[in-house]
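Novice: What would the 3D arrangement of this be:
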Amino acid sequence: MIYTTDEREHNIQLDKNEVDDTVAKIGKSAPWGLACFEGHRALRWNAHKQKLTAEIELKRDQLLRKA
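Specialist: From the prediction side, this is the model:
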């Protein structure tokens, strides 16, 4: 499952052997993203979507300025 900053959810079906490679590709394409939606990240997302989205967008903007 991928959650985007516009609060949409995208369910991607993968075989178990494809997961690591796919997550790595997403990480290379969007290094500002947060992986592993579990624990404290899930709680923060559920409780403070706007604040977490702002942090993600700030990180994205900083990385893109360096590119």
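Novice: Would you mind listing where this structure has pLDDT under the threshold?
Specialist: Residues of the chain that meet the criterion pLDDT under 70 lie in 37.
Novice: where do the helices sit along it?
Specialist: 19-29, 39-47, 49-66 (DSSP state H).
Novice: would you list these in JSON lines and tack on distance to M1?
Specialist: All C-beta spots, glycine's among them, are computed from the backbone N, C-alpha and C. Shown next, in JSON lines, are those (distance: least, C-beta to C-beta, whole Å):
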{"stretch": "helix 19-29", "distance to M1": "12"}
{"stretch": "helix 39-47", "distance to M1": "11"}
{"stretch": "helix 49-66", "distance to M1": "15"}
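Novice: out of these, which comes closest to E9?
Specialist: Distances from E9 to each of the helices of the chain were compared by C-beta to C-beta, and the smallest falls on helix 39-47, at 11.0 Å.
Novice: Minimum distance to T5: which of the helices of the chain has it?
Specialist: Distance to T5, taken as C-beta to C-beta, is lowest for helix 49-66 among these, at 4.4 Å.
Novice: Report the buried residues of that closest one.
Specialist: Neighbour counts over helix 49-66 (16 or more other C-beta atoms under 10 Å) mark L52, T53, I56 as buried.
Novice: so which of these comes closest to G33?
Specialist: Sorting those by how near they are to G33, with C-beta to C-beta, puts I56 at the top with 6.9 Å.
Novice: hang on, the earlier thing: out of the helices of the chain, nearest to I2?
Specialist: Minimum separation from I2 across those (C-beta to C-beta) falls at helix 19-29, 7.5 Å.
Novice: then the closest one to PDB, C-alphas only?
Specialist: As requested, the backbone C-alpha atoms of helix 19-29 are provided in PDB (Å, rounded to 0.1, in the frame of the first residue of the first chain):
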ATOM      1  CA  VAL A  19       8.700  -6.400  -2.800                       C
ATOM      2  CA  ASP A  20      12.300  -5.500  -1.900                       C
ATOM      3  CA  ASP A  21      13.200  -4.500  -5.500                       C
ATOM      4  CA  THR A  22      10.000  -2.500  -5.900                       C
ATOM      5  CA  VAL A  23      10.500  -0.600  -2.600                       C
ATOM      6  CA  ALA A  24      14.100   0.100  -3.600                       C
ATOM      7  CA  LYS A  25      13.000   1.500  -7.000                       C
ATOM      8  CA  ILE A  26      10.400   3.700  -5.300                       C
ATOM      9  CA  GLY A  27      13.000   4.900  -2.900                       C
ATOM     10  CA  LYS A  28      15.300   5.900  -5.700                       C
ATOM     11  CA  SER A  29      12.500   7.700  -7.500                       C
END
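Novice: Please consider this matter closed, and thank you.
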